[in-house]
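A.B. asks: build the 3D model from these lines:
(6 chains, ligands or ions: 3)
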Amino acid sequence: MQLVIAIIKPSKLTDVRDALAAVGCSGMTVTEVRGFGRQQGHTELYRGAEYRIDLLPKLRLDIAVTAQQLERVLDAIVEAAHSGQTGDGKVFVLPLQQAIRIRTGETDANAL
Amino acid sequence: MQLVIAIIKPSKLTDVRDALAAVGCSGMTVTEVRGFGRQQGHTELYRGAEYRIDLLPKLRLDIAVTAQQLERVLDAIVEAAHSGQTGDGKVFVLPLQQAIRIRTGETDANAL
Amino acid sequence: MQLVIAIIKPSKLTDVRDALAAVGCSGMTVTEVRGFGRQQGHTELYRGAEYRIDLLPKLRLDIAVTAQQLERVLDAIVEAAHSGQTGDGKVFVLPLQQAIRIRTGETDANAL
Amino acid sequence: MPIESISVDSLSYALNSFYLLISAALVMWMAAGFAMLEAGLVRSKNTAEILVKNMLLYAIACVCYLLFGYSLMYGDVVTSSHAPAANFFFQAVFVATAMSIISGAVAERMKLTSFLLFSIVMCTLIYPIQGAWSWGGGFLATAGFRDFAGSGIVHLVGAAAALAGVLLLGPRKGKYGFSGSIYPIPGANMPLASLGTFILWFGWFGFNAGSQLQLTGIDNTDAVAAAFVNTNAAAASAAIAAYLVTQLRWGKADLTMILNGALAGLVAITAAPVTPSPYLASAIGAGAGVLVIVSIYLLDRLRIDDPVGALSVHGVVGIYGLLAVVWSDPEAQLLAQLLGIAVIAGWGFTVSLVIWWLMKRTIGIRIDAEAEYVGADISECGLEAYPEFVRGRQP
Amino acid sequence: MPIESISVDSLSYALNSFYLLISAALVMWMAAGFAMLEAGLVRSKNTAEILVKNMLLYAIACVCYLLFGYSLMYGDVVTSSHAPAANFFFQAVFVATAMSIISGAVAERMKLTSFLLFSIVMCTLIYPIQGAWSWGGGFLATAGFRDFAGSGIVHLVGAAAALAGVLLLGPRKGKYGFSGSIYPIPGANMPLASLGTFILWFGWFGFNAGSQLQLTGIDNTDAVAAAFVNTNAAAASAAIAAYLVTQLRWGKADLTMILNGALAGLVAITAAPVTPSPYLASAIGAGAGVLVIVSIYLLDRLRIDDPVGALSVHGVVGIYGLLAVVWSDPEAQLLAQLLGIAVIAGWGFTVSLVIWWLMKRTIGIRIDAEAEYVGADISECGLEAYPEFVRGRQP
Amino acid sequence: MPIESISVDSLSYALNSFYLLISAALVMWMAAGFAMLEAGLVRSKNTAEILVKNMLLYAIACVCYLLFGYSLMYGDVVTSSHAPAANFFFQAVFVATAMSIISGAVAERMKLTSFLLFSIVMCTLIYPIQGAWSWGGGFLATAGFRDFAGSGIVHLVGAAAALAGVLLLGPRKGKYGFSGSIYPIPGANMPLASLGTFILWFGWFGFNAGSQLQLTGIDNTDAVAAAFVNTNAAAASAAIAAYLVTQLRWGKADLTMILNGALAGLVAITAAPVTPSPYLASAIGAGAGVLVIVSIYLLDRLRIDDPVGALSVHGVVGIYGLLAVVWSDPEAQLLAQLLGIAVIAGWGFTVSLVIWWLMKRTIGIRIDAEAEYVGADISECGLEAYPEFVRGRQP
Ligand SMILES: Nc1ncnc2c1ncn2[C@@H]1O[C@H](COP(=O)(O)OP(=O)(O)O)[C@@H](O)[C@H]1O
Ligand SMILES: Nc1ncnc2c1ncn2[C@@H]1O[C@H](COP(=O)(O)OP(=O)(O)O)[C@@H](O)[C@H]1O
Ligand SMILES: Nc1ncnc2c1ncn2[C@@H]1O[C@H](COP(=O)(O)OP(=O)(O)O)[C@@H](O)[C@H]1O
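C.D. replies: Ligands and ions are numbered 1, 2, ... in the order given. The predicted structure follows:
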């Protein structure tokens, strides 16, 4: 099992969710985050002083997957979240040791 | 060492915190997240148009634990967060390579 | 590759970001979290009843690094985020299996 | 538009009417004040619903009073010093004030439909009938009961009805723990609560000064001016007194208590805004500012859950204001005041208790636990008050 | 200041002027109402920009009307019953109301500069020219068209201009999907929208009652008082009617519909706030409350995107109000009313369409897609309305 | 209520009193405007505290002026054209305005208790003593200094006292970096700041038009009407001018600058709202709109930290308004105006500097660094202004 962490542009959420559903992955956890990277922020103006906003709004999706799903899930995310512009985001894959569904106590693949 | 990630219902926070304290685990980091899964969202109404809210408010707890603590911590969470209804959430366990306490520079078990 | 998770005081963000830039690490993802640990919260008063706020505002930084960068990044964070007071926070290191840049499809070290 | 020849009497008629209409508009504006105050003091998940209640209760009060209440309270009204419609409008907006008091006390847990049904009964029967006893020239008027602008007839009656509702409703989930512990439930939006208080303070000039009902004639003019000065003085002193109490007792300046303090000063002076000197008005206000905090504190210990402090501000301080009349008004007698208090509070409480109880037995008065947890906004209104602002603290 | 000897005529002059000035100030205050209403009903990312628009449109309306509009509409005004400056001020603030209607309908996607340019044309030409036809004594007045305080002359003309703009602008991104699906875009701040409605309700007393233009003389006084009562009654009934429709149709109390309902009641009674009895005024209001919801619902199905419901509240209900005049005013004729409606709506729509179209062809009227996604606040104003409150829901 | 026989004189007395009372109530309402403006322009962590300050400073101003200030400023006041209490109330609410100016300039870092102590001194001594020199008939009045409604006597004196406080306080932590860098600290709630500006604009009609002090008599009536028109014209032009400056200079419409622009127009016209034509009033306003932005910009470069722009709006533009009097008022002389400016600013600044300095030496005037970081809401009030809305941006 793996935990896939995808940092995407907020506007891509619906596309990514649909793409994931299409590959049979229906659960995920979404966090609002702010990203810092190559993408330039924008300038704001307040009372005659300009300043940069460097931390840009992004969404972080956490998706626990089985090893078999991994490849398809990664492809689905990368394709759906892609716009070709700087700041499209990253996908990270972490090894997942164990998963439990709180409601039933089921574990691992059954818990997802 | 492991990093335990628990996705729970917001209303269970106090219970889980108490249960964790009872097994000697006193530190954690809480994030507000939105979850998407089997649990159905609710319908809202705005100016004559209805729409579903699918992303439901959840809390994500990150708890770094030593290997000895792991079992007790998992049991405590699953028990305290359990309500038996869809949407109770998940617990994920990730291997943790290293931990540092910034204040003192202590590492690993001492850092938790 | 590793995923470094740093929980820091909000006021230290600029310092940590500058320190990371100095060691050649220019990307990261920031999440607003609330931390629970040794640090005491503060008391609030509302209409004649006092109550404690235990969950304190913290920032969580997620930084994906290559194995070569790891040591420098950890040192940079610990030094910049340090104030010596309880609640300075923690750094966790997790193994990172894979990384992808969505815009280009580049993977691993090239994706960071 | 050619100049008609205007007589002195018709000028006086025009001026008195205009004065009454502007006063009434200011009291109407108080409905916005209550709406903002209450919207600021509830949690964000119950904000849209309290706004619906405030908007509709004002609307219902106006319609019910037009259809039934006014004639029930005053019979056939004949006015010659000002336009009859101006008098009607001024009386009508007072009803909404009484009803606004209730919405705050039962906030965050009462069903919308039950609340609206109750407001029909309140504005059609409960308020006008007791109003007839005093302002309508009934037995309380005969007994010498003095309540110039309605510390009792408007505020206390509202608070008494609210108390009956609160007792049958019970506290909000999570407000009181076992073994006496009290959990504060902070309101979501302090600027809104403060704005509401400022609106009420501003509108109260119409409430108190308009109650002279006539502006022309030196004595009337001076009385109206005195009402402005005393209303302001009482509120100002009360805010300062409330601040001093919170600062000395808890070492902090609790904003919501200061807001309640200012409102308490306004309620206290309402029973006699003309007769006191500005100094006495300030003293009456200061007493109200202290009293309201003590009352809020004690009611909370009695596990009577009142999210906005309405029972203390309008009930306890309303009684205090009625008693304080004897300090400045030589015609007032303590016994008559006590009689008025007992009658108004007793009537308001008893009838309301019966109505609330009947509702509780039939359609229910409280939203269910799940709806209370999710919030009345989603369960009753289907929308959120602040859909883009994440909740930062768990309930 | 010694007492000058004051004549009855000069007293009447003073009182009429004061009444008109206070009424005008209340109408000015409506600008704040529109600003809050619209700021509450747009998303947080477009809030600062709509505030800029509302502040500037009021300012532009006042300046343009001073420089050109007033003389175009009324020629050389001679008043003897009140100060000329009071009359000017009362007329000037009406222009801003017409313009405020537009800002709401085109919210969240129209360029700031294009909007401001249009507002110059509106306040200098479109509004005053049609105003001259009726209130200025032109052909609509001669034809017997009756519009006491401006259901048509102020509200409908604004809505007609807005409709032209909305059609050329198109809907907000993400509002309508393929195959007829409609995505609601909830406003960010319901207390603000409610406050705006209360402000408008309060200010509307000045709008309607001030339009009698003279207070002194028993008949005038009674008319002014009637305008207060009827304005209030219509709004109250309309709010209740709108509530009942949403409750019965959807099982929920949609706050924004109730707010629109109250405003619809106000617009509907504006054409004849003096002649109806309070009961008829309530009935007219109730009709408006139902009509506005049906209209909002249908316009949405027609994919005409109006974030705040301005087209329905001021346009559809404005027409209804003009027609309802015949129910109470014996001098009104249906044909004259229909003529007035056709002329005002036709003029407002056509001229505006030409202006908007010319702008679209040259400087553009819509912010680009990226700016719309990021929000007009950052792209047009460079700042955020609520920089510290995280967005909780994606657009 | 039987019709008493009413004389023309008593009608005039009634009308003048009512006009003054309504004007005073509008000025009281400005306290809400300042509260909202300031609450919108500070960060969310300091919002509850600024609300406490605004509520209490109004209360303290009223009480102190009642006890000492009024008699110090005017001696034994005899009025015959209106009720003495009306005159008192109108004068009293002006004091709070002067004090409101200060709370904005020292926001986000001044100790609550020190601020409140200062406000006692301000309202008891600093304001009334200089008021006695001009409005009280003292040496500035004799010297021919003209300040109709208080550009200097109310606004400049407040700004001078604020400047002294700001210099001793120093800037907010994080506002200025090394090597001249300036970090903007955006206010948390733009709709609130806009609402505050609208409230102030509305209330200012009472401020300026009420300062005629008498409504009856054709000349007085015309003067009052002119004050309404000019006040509005100046604010409107100033808002437009400020917009044009920000648009041309930065390519964006900075909302907060436009708000400050409108307020600057109001302050500028306050010194002579009656004498200019509406066109000249517009021109004076436009100048103020430009000047205030330049002033805000330059003060920021001088590292004088003023979160809401109060020093520029009320101080710099107050001086400009006093000078602009000579453009319209034939009786005004430049030298007398300069004398008045020097005396008022000098007095306000010097005495305040001494008081602030004494406080700084004894009880301290600034909250400590930790409290400033956490926010004055928690450290001074113990609660949060928006407990459920997470902070989205770090300070
Ligand atoms: N080393 C990193 N660790 C964690 N997150 C990162 C890292 N680098 C970038 N990110 C996240 O990915 C987002 C996109 O990165 P960016 O460099 O702007 O664009 P791109 O990925 O298209 O080159 C950033 O906003 C940030 O949230
Ligand atoms: N594959 C997944 N990866 C990450 N988080 C998940 C995944 N599936 C579900 N979740 C999280 O767990 C929560 C509960 O899941 P849900 O399917 O609704 O209920 P249950 O766990 O009771 O079956 C979701 O709201 C989501 O936050
Ligand atoms: N076991 C843990 N797992 C995850 N996060 C933790 C853990 N313990 C502490 N934290 C995080 O670290 C922060 C600082 O910890 P705390 O014990 O207050 O201070 P210190 O690290 O200086 O001893 C906490 O607020 C919390 O966010």
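A.B. asks: spell out which residues of chain A are next to ligand 1.
C.D. replies: Proximity of chain A to ligand 1, by Cβ under 6 Å from any ligand atom, involves residues A:7, A:35-39, A:56, A:58, A:86-90. Yep, even glycine has a C-beta here, placed from its N, CA and C like the rest.
A.B. asks: list just the nearest of those residues to ligand 2.
C.D. replies: Nearest to ligand 2 among these: A:Ile7, at 15.0 Å, using Cβ to the nearest ligand atom.
A.B. asks: what sits against the closest one?
C.D. replies: Taking Cβ atoms under 8 Å, 6 or more residues apart in numbering or on different chains as the criterion, A:Ile7 is in contact with A:Val33, A:Gly35, A:Lys58, A:Leu59, A:Arg60, A:Gly89, A:Lys90, A:Val91, A:Phe92, C:Thr29.
A.B. asks: adding neighbour count, write those out as a markdown table.
C.D. replies: Putting the contacts of A:Ile7 into a markdown table (neighbours: other Cβ atoms under 10 Å in any protein chain shown) gives the following:
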| residue | neighbour count |
| --- | --- |
| A:Val33 | 21 |
| A:Gly35 | 24 |
| A:Lys58 | 26 |
| A:Leu59 | 22 |
| A:Arg60 | 22 |
| A:Gly89 | 26 |
| A:Lys90 | 26 |
| A:Val91 | 23 |
| A:Phe92 | 24 |
| C:Thr29 | 23 |
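A.B. asks: what about chain E: which of those residues touch it?
C.D. replies: Among these, the residues lying close to chain E (Cβ under 8 Å from any Cβ of the partner chain) are A:Leu59.
A.B. asks: closest to B:Ala19 among the contacts of A:Ile7?
C.D. replies: Of all the contacts of A:Ile7, B:Ala19 sits closest to A:Arg60, with 27.0 Å by Cβ to Cβ.
A.B. asks: hey, what's A:Val65 bridged with?
C.D. replies: When bridges are called by DSSP bridges, A:Val65 pairs up with A:Gln2.
A.B. asks: does it really touch A:Val73, like I thought?
C.D. replies: Yes - if you go by Cβ atoms under 8 Å, A:Val65 and A:Val73 touch, sitting 5.1 Å apart.
A.B. asks: where do the contact lists of these two overlap?
C.D. replies: Common neighbours of A:Val65 and A:Val73 (Cβ under 8 Å, 6+ apart) are A:Val4, A:Cys25.
A.B. asks: what's the closest of the contacts of A:Ile7 to ligand 1?
C.D. replies: Closest approach to ligand 1 among the contacts of A:Ile7 (Cβ to the nearest ligand atom): A:Gly35, at 2.1 Å.
A.B. asks: tilt between the helix or strand where the closest one lies and strand C:28-36?
C.D. replies: A:Gly35 belongs to strand A:28-36 when assigned by DSSP states H and E. Calculated by axes from the mean of the first three to the mean of the last three Cα atoms, to 10 degrees, strand A:28-36 forms an angle of 120 degrees with strand C:28-36.
A.B. asks: any part of strand A:28-36 near chain F?
C.D. replies: No - using Cβ under 8 Å from any Cβ, strand A:28-36 never reaches chain F; the gap is at least 8.6 Å.
A.B. asks: contacting residues around that strand?
C.D. replies: Applying Cβ under 8 Å, 6+ apart, the contact partners of strand A:28-36 are A:7, A:10, A:13, A:17, A:20, A:54-63, A:87, A:89, B:7, B:31-37, B:55, B:58, B:60, C:17, C:26-31, C:62, D:390, E:390-392.
A.B. asks: quick one: residues contacting D:Tyr297.
C.D. replies: C:Gly48.
A.B. asks: quick one, phi psi at D:Ser10?
C.D. replies: Main-chain dihedrals, D:Ser10, degrees, to the nearest 10: phi -70, psi -30.
A.B. asks: quick one: it from D:Phe88, how far?
C.D. replies: Distance, D:Ser10 to D:Phe88, using Cβ to Cβ, to the nearest Å: 20 Å.
A.B. asks: more neighbours: those two, which one.
C.D. replies: Ranked by neighbour count (other Cβ atoms under 10 Å in any protein chain shown), D:Ser10 and D:Phe88 place D:Phe88 first, with 23 against 19.
A.B. asks: is chain E within reach of the helix or strand harbouring that one?
C.D. replies: Per DSSP H and E: D:Phe88 is located in helix D:84-105. Yes - with Cβ under 8 Å from any Cβ as the measure, helix D:84-105 is seen reaching chain E through D:Pro84, D:Ala85, D:Ala86, D:Phe88, D:Phe89, D:Ala92.
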